[in-house]
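A.B. asks: Next input, structure requested:
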Amino acid sequence: MDPAGGCPHAANARLLARNGVARVVLPGDVEAMAVIGHDALKDFLSHPDVAKGASHFTALREGRIPDGWPLKTFATVQGMTTADGDDHRRLRSLVSKAFTSRRVEALRGRVEEVTAELLDNLAAGATAAAERDGRSPDGEPVPHVVDLRADFALPLPMGVICELLGVDEEFHDQLHHLSNQIVATDISPEDAMAANRDIVAVLGAVAASRTENPGEDLTSALIAARDEDGDRLSGHELIGTLLLMIIAGHETTLNLITNAVRALCRHRHQLELVQNGKASWSDVVEETLRWDSPVSFFPFRYPTRDLTVDGTLIPRGTPVLAGYSAAGRDKAAHGEDADLFDVTRYATGSTTRHLSLGHGTHFCLGSSLARMEATIALERLFTRFPDLDVAVTEAELPRHASFVGNSVQQLPVSLGRLG
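C.D. replies: Numbering: from 1, shown residues only. Here you go, the predicted structure:
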């Protein structure tokens, strides 16, 4: 696996042409496997002999994984994504109450409000820039370029998840920066350990603040559960749960919105279908999740016995990556046109349901919230700025320095005429 990340799709296509399971080498020469075929991944994610707990990671248990290994946090953080059986059910039940359909729907108004505020800010910045920069020699306004990822796609999900958790705004930028460090796969051991240390310190401060001044937020509820019955949630599990919620609660939606805007701008005919009512914004979200999954390869799962998947033996205790970006373009599941971005695909029932939000007992708990945020964001964005377009070529967009997250680091766009 290339620690620098990059666009995964060409490599995925070559691997899928061979098999639904691939042998890979992780940073530090750690041998692993990646399940990349749709059907193989669906079966693997729900297989009874596949675990998430780090005690099943043979190389880690034998002391062959050093501190500072860039992927170690994914294996060792104490929370839902590294728990099995009763522990997983206990931890998931503590958080799931915040993500019921009723609770998520109750957040709709706040998501719409934050979206409107961010769009107003974009419009105000464009107007100020036009007044400052004037017009070109042909009389047209000088196009104003903004980083849509930083100024819109990031603050929306970050603001919502932090509000849900009771995290003060002063911590938002720092938590996003540290989250990026946590998911980076090209980071040095020293920087990886520093990022983990710093994010634990920040989340500890958040927990201390909510302990002293509890509110109606999820962190306060988790602290109350811990204090009422110490067996329900340990201190390490509290911090681990907050870490997972912060990262999963904004990084994936940030990538989803970013990737959807890129896709629509590169496929204007697909955008026109939505604008003309021939497809929905929800269709855009689902097709983006399939075609350009926000998460490329997610660590880790471990077979608890030697397991044969799609004809390939995965030895017991091997760390396995879930290849969501590859499975989304698997032609065996999604048809020969799986490489095409087609927002009508789900409306016509012409494809298999994607796996980009997981499958089985570890299915993404915040999937409804992520879908709602992205749908509202895209609809309001292109309604307000119907001529919005990416200001550079795809090759000029710097990619994430990670094979976990799948997106770009910036998204410079021209807003066009103000709607």
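A.B. asks: hey, where'd the helices end up in the stretch 51-200 of the chain?
C.D. replies: For the stretch 51-200 of the chain, the helices defined by DSSP state H, counting those that start in this stretch occupy 58-61, 72-76, 85-96, 101-106, 108-133, 148, 155-165, 172-183, 189-212.
A.B. asks: hey, which of those helices is tucked in deepest?
C.D. replies: helix 148 (a mean of 25; mean count of other Cβ atoms under 10 Å). (Glycine included, C-beta is placed from N, CA and C.)
A.B. asks: any idea of the mean pLDDT in it?
C.D. replies: Mean pLDDT, computed over helix 148, is 97.
A.B. asks: and for that helix, what are the contacting residues?
C.D. replies: Thr258, Val261, Leu388, Leu411, Pro412, Val413 (Cβ atoms under 8 Å, 6 or more residues apart in numbering).
A.B. asks: Grab the most central residue of the chain for me.
C.D. replies: Thr252 (1.7 Å; Cα atoms, centre = their mean).
A.B. asks: Name the helix or strand of the chain that has the lowest mean pLDDT.
C.D. replies: helix 218-228 (a mean of 83; mean pLDDT, DSSP states H and E).
A.B. asks: circling back: didn't the residue nearest to the centre of the chain look like it was pressed against Ser293?
C.D. replies: No. Using Cβ atoms under 8 Å, Thr252 is not in contact with Ser293; the gap is 9.2 Å.
A.B. asks: Look through the protein and tell me its longest helix.
C.D. replies: Using DSSP state H, we find that the single longest helix of the chain is helix 235-266.
A.B. asks: and the helix or strand just after it, average pLDDT?
C.D. replies: Counting by DSSP states H and E, the next helix or strand C-terminal to helix 235-266 is helix 268-275. What helix 268-275 shows for mean pLDDT is 96.
A.B. asks: Please tell me how far Gly240 sits from Val95.
C.D. replies: Distance of Gly240 to Val95, given as Cβ to Cβ, to the nearest Å: 11 Å.
A.B. asks: can you check Pro70 too?
C.D. replies: Distance from Pro70 to Val95, by Cβ to Cβ: 26 Å.
A.B. asks: Can you give the distance from stretch 381-399 to the centre of its chain?
C.D. replies: With Cα atoms, centre = their mean, to the nearest Å as the basis, stretch 381-399 stands 20 Å off its chain's centre.
A.B. asks: tell me which residues in that stretch are buried?
C.D. replies: By neighbour count on 16 or more other Cβ atoms under 10 Å, the buried set for stretch 381-399 is Leu381, Phe382, Arg384, Phe385, Leu388, Asp389, Val390, Ala391, Leu397.
A.B. asks: do the same with stretch 340-352
C.D. replies: So for stretch 340-352, counting by 16+ other Cβ under 10 Å, buried means Phe341, Asp342, Val343, Arg345, Tyr346, Ala347, Thr351, Thr352.
A.B. asks: re the thing from before, what two of the contacts of helix 148 are the furthest from one another?
C.D. replies: Thr258 and Leu388 (13.0 Å; Cβ to Cβ).
A.B. asks: coming back round to it: switch the contacts of helix 148 over to a markdown table; also include distance to Ala194 and pLDDT.
C.D. replies: Converted to a markdown table, those look like this (distance: Cβ to Cβ, whole Å; pLDDT from 0 to 100):
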| residue | distance to Ala194 | pLDDT |
| --- | --- | --- |
| Thr258 | 27 | 98 |
| Val261 | 33 | 98 |
| Leu388 | 38 | 95 |
| Leu411 | 28 | 97 |
| Pro412 | 30 | 96 |
| Val413 | 33 | 96 |
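A.B. asks: pLDDT of stretch 363-383, averaged?
C.D. replies: 96.
A.B. asks: Would you mark the buried spots in it?
C.D. replies: 364-382.
A.B. asks: Now do the nearest residue to Gly28 once chain neighbours are set aside against Glu62, distance only.
C.D. replies: Of all residues not flanking Gly28 in the chain, Trp69 sits nearest, at 5.6 Å (Cβ to Cβ, 6 or more residues apart in numbering). Computed as Cβ to Cβ, the Trp69 to Glu62 distance reads 14 Å.
A.B. asks: ok, the closest residue in space to Gly328 that isn't next to it in sequence - contacts?
C.D. replies: Leaving aside its sequence neighbours, Gly328 sits nearest to Arg290 (Cβ to Cβ, 6+ apart; 4.4 Å). By Cβ under 8 Å, 6+ apart, the contact set of Arg290 is Gly328, Arg329, His334, Arg345, Thr351, His354, Ser356.
A.B. asks: just for the stretch 1-150 of the chain, where's the confidence low?
C.D. replies: For the stretch 1-150 of the chain, applying pLDDT under 70 flags the ranges 130-131, 133-143.
A.B. asks: before we move on, the earlier item: quick one, which of Trp69 and Glu62 is more surrounded?
C.D. replies: Trp69 (22 against 9; other Cβ atoms under 10 Å).
A.B. asks: before we move on, back to that, most neighbours, which of the contacts of Arg290?
C.D. replies: Among the contacts of Arg290, Gly328 has more neighbours than the rest - 28 neighbours, counting by other Cβ under 10 Å.
A.B. asks: pretty sure that one contacts Leu289?
C.D. replies: Yes. Taking Cβ under 8 Å as the definition, Gly328 is a contact partner of Leu289 at 7.3 Å.
A.B. asks: Could you tell me which residues touch both of the two?
C.D. replies: His354, Ser356.
A.B. asks: Present the contacts of helix 148 as CSV; the columns should include distance to Val25.
C.D. replies: Shown next, in CSV, are the contacts of helix 148 (distance: Cβ to Cβ, whole Å):
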residue, distance to Val25
Thr258, 29
Val261, 34
Leu388, 41
Leu411, 31
Pro412, 34
Val413, 37
